[in-house]
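Engineer: Need coordinates for the following:
(one chain, ligands or ions: 1)
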Amino acid sequence: MEFGDAVVLSGVTAGYGRRTVLRDVSARLPRRAVTAVVGPNGSGKSTLLGVLAGTIRPVRGTVEPGGAGRPGYVVQRDAVSDALPITVRDTVAMGRWASRGPWRRLTAHDWAIVESCMAELDVSALAARRLSTLSGGQRQRVLLAQGLAQEPWLLLLDEPTTGLDAAARQHIAGVLDRERARGVTIVHVTHDLGAAMAADHCLLLDEGRLVAQGLPTSVLAAETPPVGGVGWSRSML
Ligand SMILES: Nc1ncnc2c1ncn2[C@@H]1O[C@H](COP(=O)(O)OP(=O)(O)OP(=O)(O)O)[C@@H](O)[C@H]1O
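Structural biologist: Presented below is the predicted three-dimensional model:
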C-alpha cells in the first residue's frame, strides 16, 4: 500500500456461495478522490462494493483498507424494504449507530449531525414522514444522508443518482464534491457516463474481471478489445 491509496485490492475473487462473481480483481483506489465503478449489468459492480464494505468476504485475495473505521455504505434504494415502519429522521439517525452502537442513546451532538445531514440533502421537511411514503428520488437522498451521518472516511455508493432528475443529480454531485473536499474517499457505482467522466479515477468491470483502471478519460475513451469473448463499449454502461 502506498501513501496515496485508500484501499488496495489484490487478486480478489468473491461471490455468493458457490457462485463466483469477481475473478482475480487487483485495484488501487486513490485516497481523498472519487472513483467511479462502471460496467454492464451483472458485471459485478455491486459485488465489488460489498467486498469494499466488508459485507462480502473474498474467497481469495486481500482487501487492505488505508483508514480506520467502518466505511459508509449506501445501498441501491430498491434494496431497502418498503415495509420498514421507520421515519426519515430515524433512518438518518441509524447512520450514527456505527459509532454509538444501536442500543446506546444518541447524544445531542449525534442529533445535530443528523439534522445537518438532512439539511444537506434537502430532506429536513420530510423528517417525520415514513420512508415507505417517499418517492424514489426522495428515498435516495435520505439514504445518502444516512451515509453522510456516519462521517466515514470511505463512502461507498451504489448507483446514487439512478432514476433521479437532472436537478437532483446535480444536487448529489455537489454534495459529493463537498465530501471529497473534506477529505472523504468516495467510490460510486454508476451507469451515468457524465458522472463517471467527472470522477478522478475509474474502474471498468466486465464479467467479474477488472478490464481497465485509471483516469476516466482513458478508461472510457476507447472501446476495449473483447474480454472473455465479450467486447465492451460505452453504450453498454
Ligand atoms: N445475493 C446474490 N446471490 C447470488 N447471486 C447474486 C447475488 N447478488 C448478485 N448476484 C449475481 O452476481 C452477478 C453480479 O451482480 P452485481 O449485482 O454485482 O452486478 P452489477 O454489475 O452491480 O449489476 P447491475 O448493473 O445490474 O446493478 C450477477 O450475475 C448476479 O445475478
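
Engineer: Residues of this structure that sit close to the ligand?
Structural biologist: Y16, R19, V21, G39, N41, G42, S43, G44, K45, S46, T47 (Cβ under 6 Å from any ligand atom). For glycine as for every other residue, the C-beta is placed from the backbone atoms N, C-alpha and C.

Engineer: Narrow those to those that are buried.
Structural biologist: Buried members of the residues of the chain next to the ligand, scored by 16 or more other Cβ atoms under 10 Å, are V21, G39, S43, G44, K45, S46, T47.

Engineer: Kindly list the main-chain dihedrals of the last one?
Structural biologist: I take that to be T47. phi -60, psi -40 (degrees, to the nearest 10).

Engineer: Nearest residue to it in space, please, no chain neighbours.
Structural biologist: Computed as Cβ to Cβ, 6 or more residues apart in numbering, the closest residue to T47 that is not its neighbour in sequence is V21, at 4.5 Å.

Engineer: thought the one you found was touching G39?
Structural biologist: No - using Cβ atoms under 8 Å as the test, V21 is too far from G39 to be in contact (11.7 Å).

Engineer: tell me the contacts of the residue nearest the centre of the chain?
Structural biologist: Using Cα atoms, centre = their mean, the residue of the chain that lies closest to the mean C-alpha position is L157, 1.6 Å off. Counting by Cβ atoms under 8 Å, 6 or more residues apart in numbering, L157 makes contact with V74, L144, G147, L176, I186, V187, H188, V189.

Engineer: Identify each buried residue in the helix ranked longest in the chain, please.
Structural biologist: Determined from DSSP state H, the single longest helix within the chain is helix 166-181. For helix 166-181, a neighbour-count test (16+ other Cβ under 10 Å) marks A168, R169, H171, I172, A173, V175, L176, E179, R180 as buried.

Engineer: Sounds good, over and out.
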